[in-house]
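J.: Predicted structure and sequence below. I'll ask about it afterward.
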Amino acid sequence: MRELSSPQSGILDTTGSIKTRYGLVRRQYVKPRNPCTAAQVRIRSNLGRVAARWRALSDEQRGAWTIAARKARSRRRVGQSSYLTGCQFFIKINCAHAAVSLSELVDRPAAPDFDANPVSGFVITNKCGPCCRFCGSNGLSRSTSHVGCSGWLEADLTVR
């Protein structure tokens with residue numbers, strides 16, 4: 001059933017609220033099954049190991065992670081986003097490292113320093129000629145980028 005109310009999500013009694021493209025929807029909550037696949041067991045194991053590692057950090061290390069987390073934001077959910085805590089940031093970084101078999105980071109990572117984007121534009125062509133064009137800045141601003149596409153693509157990519 002579609003609801004007209006303030007944004008919300010989660011479970012209350014036997015109903016759950018979710019945001020869909022049609023608006024806020026409430027439906028009966030059904031407890032998800034737990035198939036315990038090998039991937040799930042591996043991810044849960046990584047999460048447990050990383051959480052235990054956080055508890056073993058010194059106060060100075062935790063403080064450094066908390067400072068680094070002030071620049072990291074959570075994903076938007078129900079139109080809201082907030083800054084991560086030091087623990088959340090530590091778990092986010094180290095679970096991602098564990099997922100690709102990299103070693104855990106005990107000290108906070110240094111901020112990455114990226115070079116300027118060397119791509120100034122690209123054209124995707126198909127059998128009928130140009131169908132997509134990217135017009136963007138050479139800097140880091142995303143607000144000046146524009147991509148326009150039309151038609152079915154059997155594309156070759158040309159980067160200038």
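T.: Okay, I see it.
J.: Kindly report the domain assignment for this protein.
T.: Taking automatic domain parsing as the domain assignment, the ranges for the chain are 1-32, 38-99, 121-159.
J.: pull the longest helix from this structure.
T.: Longest helix in the chain by number of residues, with DSSP state H as the criterion: helix 38-55.
J.: what's the average pLDDT for the next helix or strand after that one?
T.: Later in the chain than helix 38-55, the nearest helix or strand by DSSP states H and E is helix 59-69. Averaging pLDDT along helix 59-69 gives 93.
J.: List the residues that contact the spatially most central residue of the chain.
T.: Nearest to the mean C-alpha position of the chain, by CA atoms, centre = their mean, lies residue 75 at 6.1 Å. By CB atoms under 8 Å, 6 or more residues apart in numbering, residue 75 lies in contact with residue 81. The C-beta positions use only the backbone N, C-alpha and C, and glycine is treated the same way.
J.: Distance of it relative to residue 41?
T.: 25 Å (CB to CB, to the nearest Å).
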